[in-house]
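Peer 1: This is the structure alone, sequence omitted:
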């Protein structure tokens, strides 16, 4: 039965799979327990009774969590298919996400705890980019 288990076939695929599993898991946590996600970012959750009627924090957290869950599944499926073009496409956009999130913190649009989200995106993008570069160089040596 284990012989049918499919795993990523390349270092870049593994970076995508790990990122995808983490994104999907964190998305699921946000859907099931939004306060846990808020705490993971170093923020203090506001109890429901104290939340203002027009506070849409949980709405945006639900949307972000669902997006993270979906994105995580896409990344895992791409990793299992070894879809390296997709891997390459994600690197600049994940670096852009890192930059935007860091600027949001630096510009006081987001609390300092949010910086971890950006750094997570940036670190994942760098890991994938470096793995793709390694694979490209290795392939060039093999064909030379």
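Peer 2: Okay, I see it. What you see is a predicted model, and the numbers here were worked out from it, not measured in a lab.
Peer 1: Tell me where this protein has helices.
Peer 2: For the chain, the helices defined by DSSP state H cover 11-32, 34-40, 57-80, 84-106, 115-143.
Peer 1: which one of those is the most hemmed in?
Peer 2: helix 11-32 (a mean of 19; mean count of other CB atoms under 10 Å). Where you see a C-beta, it was placed from the backbone N, CA and C, and this is true even at glycine.
Peer 1: Indicate which one of the helices of the chain is closest to residue 47.
Peer 2: helix 34-40 (8.8 Å; CB to CB).
Peer 1: hmm, who's touching the closest one?
Peer 2: By CB atoms under 8 Å, 6 or more residues apart in numbering, the residues outside helix 34-40 that reach it are 26, 29, 30, 44, 45, 58, 61, 62, 65.
Peer 1: Let me have the residues you listed in CSV, extended by pLDDT and distance to residue 75.
Peer 2: Shown next, in CSV, are the contacts of helix 34-40 (pLDDT from 0 to 100; distance: CB to CB, whole Å):
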residue, pLDDT, distance to residue 75
26, 95, 12
29, 97, 17
30, 95, 17
44, 84, 30
45, 84, 28
58, 88, 25
61, 92, 21
62, 95, 20
65, 96, 16
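Peer 1: Now distance to residue 52 too, for those residues, in a markdown table please.
Peer 2: Conversion of the contacts of helix 34-40 to a markdown table gives the following (distance: CB to CB, whole Å):
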| residue | distance to residue 52 |
| --- | --- |
| 26 | 26 |
| 29 | 24 |
| 30 | 21 |
| 44 | 15 |
| 45 | 14 |
| 58 | 12 |
| 61 | 15 |
| 62 | 17 |
| 65 | 21 |
